[in-house]
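S.K.: predicted coordinates and the sequence they were generated for:
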Amino acid sequence: MTLTFHPSSVLALLPLCLTLFSLTVGRPACAANDIDPATLTHVGGFWYVSKSEPVTWYYRDADRWVDLFSWHRKDSNGDGIDNLRISHDDSCLIIESQGYPNHPTAIFPNSGNPNSILVQNFRFRFPLQPEKSERITRLPMGPIGMALNGVVFFNPFEQGGMNAVAGYSEVWLDSCCGHPQQAGVYHYHKYPVCVKSPFRDDGQQHSPIIGFAFDGFPVYGPWEGPQQLAKELTGETALDVCNGHSDPQRGYHYHVTPGRFPYVLGGYHGVVEASNLRGPGRNLQEGAIEDNSSGESRLPRVITSVVPGSAVRGQTHRLTITLDPAKATLGPIPDTAPDWVQIGPFEATSITRDGQQVVVEISIPEDSPVGVLMDCHLEFGGTDRRRVFKANDVFRVTREETP
Ligand SMILES: [Zn+2]
Ligand SMILES: [Zn+2]
């Protein structure tokens, strides 16, 4: 079944929306730092499992015990099946996933993408004790790892082998940085700001984990420390070609690098769990991928500004989005108000339009990711295919009012 979090289906989804709303706003802290280690059984590497029911998997992330999956495993699409089903054996954490986003998305198909988002039946194995490899394994096409919500990461290339995120080959990703391919697999090509992380990612500390690569090494958010993006590190701690580095507490780990290729992974630095790869992906080449973006994006840049371009968390804000009809190279902008506006994970709760100015209201929860640039998209309903427009890197959440 397909299901989207959208105004057109708001009545049917009201109970779900209310649940999601309360989870988003009043979310119980997933960071479980008061965990008594005596209540846990070590199952390998940084992985632990609770001795009592319900069985919960914990990851020792530096000085924290984090419950990475309990929030995400809950059925979010109302089909009676948990998003994630988790188990482990001697060597691997095993995750069966619906691969279905549990955050707002664009409605697909739309003018930017002809496919629909479909529920998947993934089964992935993540080594409990990842091992570094002498060689770097080239990333396959298709899934390369999984975010905590069970949605998969893809490498930065679309099917023609070109960069999907930048340059003339840029593809239409929604404000959560995802889109579906032909088989309905919704996937991320870059840092998905909408994936709920296990503790606040406010740029004041090392980011939390947001997912895992198929070699079992964790993928962290963009921050290395206070005001320090991992992509800006130089010298011994600099990220390698795979987007990874090591520290004494976390061992080897990857970081997402917003705005910088390869965005998520550049290759596998660990021994890849082969059962995660299908078909031609089983015979992987060596080496890191390289950026092949060139030229200007062909996506129409009809959104010329979002003002203000930043706003403090924990409040409701009114933003003005300015459109330029002259930039609508792939068909005119409808003259109604958009029926959906999303900035990063935030859905507009009111939308009005006056001429080429769209005014929206968004509420930013206290636990929003801070400091990273977010994308904005608009959608226009109608009788034929929904028309969608997009602007990248136009808004950021701040911790405090900027003076
Ligand atoms: Zn794609
Ligand atoms: Zn790091």
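M.R.: Sure thing, it's come through. Ligands and ions are numbered 1, 2, ... in the order given.
S.K.: please enumerate the helices of the stretch 51-200 of the chain.
M.R.: Along the stretch 51-200 of the chain, the stretches classed as helices by DSSP state H, counting those that start in this stretch are 70-73.
S.K.: enumerate every residue touching the residue positioned nearest the centre of the chain.
M.R.: Nearest residue to the geometric centre of the chain (C-alpha atoms, centre = their mean): residue 192, 2.2 Å. Residue 192 is in contact with 147, 151, 176-178, 210, counting by C-beta atoms under 8 Å, 6 or more residues apart in numbering. The C-beta positions use only the backbone N, C-alpha and C, and glycine is treated the same way.
S.K.: list only buried entries from these.
M.R.: For the contacts of residue 192, a burial check counting by 16 or more other C-beta atoms under 10 Å picks out 147, 151, 176-178, 210.
S.K.: quick one: the residue nearest to residue 278 when sequence neighbours are not counted from residue 38, how far?
M.R.: Of all residues beyond its chain neighbours, the one nearest residue 278 is residue 142 (7.0 Å), with distances taken as C-beta to C-beta, 6 or more residues apart in numbering. Distance, residue 142 to residue 38, by C-beta to C-beta, to the nearest Å: 42 Å.
S.K.: residue 392 now?
M.R.: Relative to residue 38, and taking C-beta to C-beta, residue 392 is found at 48 Å.
S.K.: who has more neighbours, these two?
M.R.: The residue with more neighbours, out of residue 392 and residue 38, is residue 392; 21 against 6, by other C-beta atoms under 10 Å.
S.K.: am I right that that one sits in a strand?
M.R.: Yes. Counting by DSSP: H, G, I helix; E, B strand; the rest coil, residue 392 is found in a strand.
S.K.: wait, it touches residue 375, no?
M.R.: Yes. The criterion here is C-beta atoms under 8 Å, and residue 392 meets it with residue 375 at 5.0 Å.
S.K.: so where is the stretch 151-300 of the chain shaky, pLDDT-wise?
M.R.: Low-confidence segments of the stretch 151-300 of the chain (pLDDT under 70): 279-282.
S.K.: residue 386 reaches residue 112, doesn't it?
M.R.: No. Look at residue 386 against residue 112 with C-beta under 8 Å: they stay out of range, at 9.0 Å.
S.K.: more neighbours, the two?
M.R.: residue 112 (23 against 20).
S.K.: isn't the more buried one right up against residue 385?
M.R.: No. In this structure residue 112 lies outside contact range of residue 385 using C-beta under 8 Å: 9.6 Å.
S.K.: list the contacts of residue 173.
M.R.: 164-165, 179, 189-190, 375, 390.
S.K.: repeat that with 7 Å
M.R.: Neighbour list for residue 173: 179, 189 [criterion: C-beta atoms under 7 Å, 6 or more residues apart in numbering].
S.K.: ok, the one 3 residues further on next?
M.R.: Listed by C-beta under 7 Å, 6+ apart, the contact partners of residue 176 are 101, 103-105, 192-194, 345.
S.K.: what about the residue nearest to it when sequence neighbours are not counted, neighbour count?
M.R.: Distances taken as C-beta to C-beta, 6+ apart put residue 194 closest to residue 176, at 3.7 Å, once the chain neighbours are dropped. The burial count assigned to residue 194 is 25, neighbours taken as other C-beta under 10 Å.
S.K.: repeat for residue 43
M.R.: By other C-beta under 10 Å, the residues close to residue 43 number 19.
S.K.: ok, it touching residue 88?
M.R.: Yes. In terms of C-beta atoms under 7 Å, residue 43 counts as a neighbour of residue 88; the distance is 5.7 Å.
S.K.: burial count for residue 94?
M.R.: Around residue 94 sit 15 other residues, with neighbours defined as other C-beta under 10 Å.
S.K.: against residue 272, how distant is it?
M.R.: Going from residue 94 to residue 272 by C-beta to C-beta gives 16 Å.
S.K.: need the contact list for residue 289.
M.R.: 138-139, 155, 262, 266-267.
S.K.: so it is in which element?
M.R.: Remark: residue 289 resides in no helix or strand, with elements defined by DSSP states H and E.
S.K.: oh, and call the first residue 469 from now on, that's how I've got it
M.R.: In the new numbering, first residue 469, that becomes residue 757.
S.K.: for residue 560, see how far away it is.
M.R.: Distance from residue 757 to residue 560, by C-beta to C-beta: 25 Å.
S.K.: what's the neighbour count on the residue nearest to residue 805 when sequence neighbours are not counted?
M.R.: Nearest non-adjacent residue to residue 805, counting by C-beta to C-beta, 6+ apart: residue 821, 3.8 Å away. Other residues lying near residue 821 total 17 when counted by other C-beta under 10 Å.
S.K.: which of the residues in the host helix or strand of residue 821 are buried?
M.R.: Following DSSP H and E, one finds residue 821 within strand 818-822. Across strand 818-822, burial judged by 16+ other C-beta under 10 Å covers 819, 821.
S.K.: kindly report the same for stretch 624-638.
M.R.: Across stretch 624-638, burial judged by 16+ other C-beta under 10 Å covers 624-626, 630-635, 637-638.
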